[in-house]
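K.L.:
Build me a model:
(2 chains)
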Amino acid sequence: DTGVSQNPRHKITKRGQNVTFRCDPISEHNRLYWYRQTLGQGPEFLTYFQNEAQLEKSRLLSDRFSAERPKGSFSTLEIQRTEQGDSAMYLCASSALRSGGAPYNEQFFGPGTRLTVL
Amino acid sequence: GESVGLHLPTLSVQEGDNSIINCAYSNSASDYFIWYKQESGKGPQFIIDIRSNMDKRQGQRVTVLLNKTVKHLSLQIAATQPGDSAVYFCAESSTGKLIFGQGTTLQVKP
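P.N.:
Numbering: from 1, shown residues only, chains lettered A, B, ... in the order given. Predicted coordinates:
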């Protein structure tokens, strides 16, 4: 399977616990995005990386959230001291930034990690 | 702030008919638009995209129309099939990150 993969697919945790999600983008896609989606809503942008550099963070990304992409390949999203309001689907997407081409292109999404905070 | 909205939360069509899903966007600086299909429990699936230097783009059974004058985007699906039943999102971008609308649920009646 050469698509975007995310692990775990489901995570149930108790309020106050830390959780970490992993995203593996499509091979050689240099841009990686994190979004959050709640029931009945469209995805909301959280942050994105170009290679290993985190270029933009949404104001939705409180200081309890941190994302990394240390080698420019896979990425992790950690939520510390989870709250019930963090319950959502966390989506990862990747895209290819082509040299000399358009500055941004279609993003391909993974299946998401569904987080439930009890 | 920036937002992308859809006109109808639900669209019900007969199998074999054509479907038109509409979207209005508010950021005149947006230069890239994209449609996604999302089935229950899955991530959004890319359908088709269009840049602001175009007003129409066709794919397999799908057409996207862009009217920059009134900031309107539409997705046309020809000969709608039961497998097309899903939630459809439009999204816009001016910096790379996508801003999504609320979504339209397409129901296909056999």
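K.L.:
Point to the residue nearest the middle of chain A.
P.N.:
With distances taken as CA atoms, centre = their mean, residue A:34 lies nearest the centre of chain A, 2.8 Å away.
K.L.:
What is whatever helix or strand residue A:92 lives in packed up against?
P.N.:
Using DSSP states H and E, residue A:92 sits within strand A:88-95. Applying 3 or more CB pairs under 8 Å, 6 or more residues apart in numbering or on different chains; DSSP states H and E, one finds that strand A:88-95 contacts strand A:5-7, strand A:19-24, strand A:31-37, strand A:75-79, strand A:108-109, strand A:113-117. Quick note: C-beta positions are derived from backbone N, CA and C, even for glycine.
K.L.:
Please work out which of the ones you listed is packed deepest.
P.N.:
strand A:31-37 (a mean of 24; mean count of other CB atoms under 10 Å in any protein chain shown).
K.L.:
could the helices and strands packed on strand A:88-95 go into TSV alongside mean pLDDT and distance to chain B?
P.N.:
Listed next are the helices and strands packed on strand A:88-95 as TSV, based on pLDDT from 0 to 100; distance: least, CB to the nearest CB, whole Å:
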stretch	mean pLDDT	distance to chain B
strand A:5-7	98	8
strand A:19-24	98	11
strand A:31-37	97	7
strand A:75-79	98	15
strand A:108-109	96	4
strand A:113-117	98	8
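K.L.:
Please tabulate the ones you listed in a markdown table, including the columns distance to residue A:59.
P.N.:
What follows is these, written out as a markdown table (distance: least, CB to CB, whole Å):
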| stretch | distance to residue A:59 |
| --- | --- |
| strand A:5-7 | 24 |
| strand A:19-24 | 20 |
| strand A:31-37 | 13 |
| strand A:75-79 | 16 |
| strand A:108-109 | 22 |
| strand A:113-117 | 20 |
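K.L.:
so how far is residue B:31 from residue A:52?
P.N.:
Noted for residue A:52: a distance of 27 Å to residue B:31, by CB to CB, to the nearest Å.
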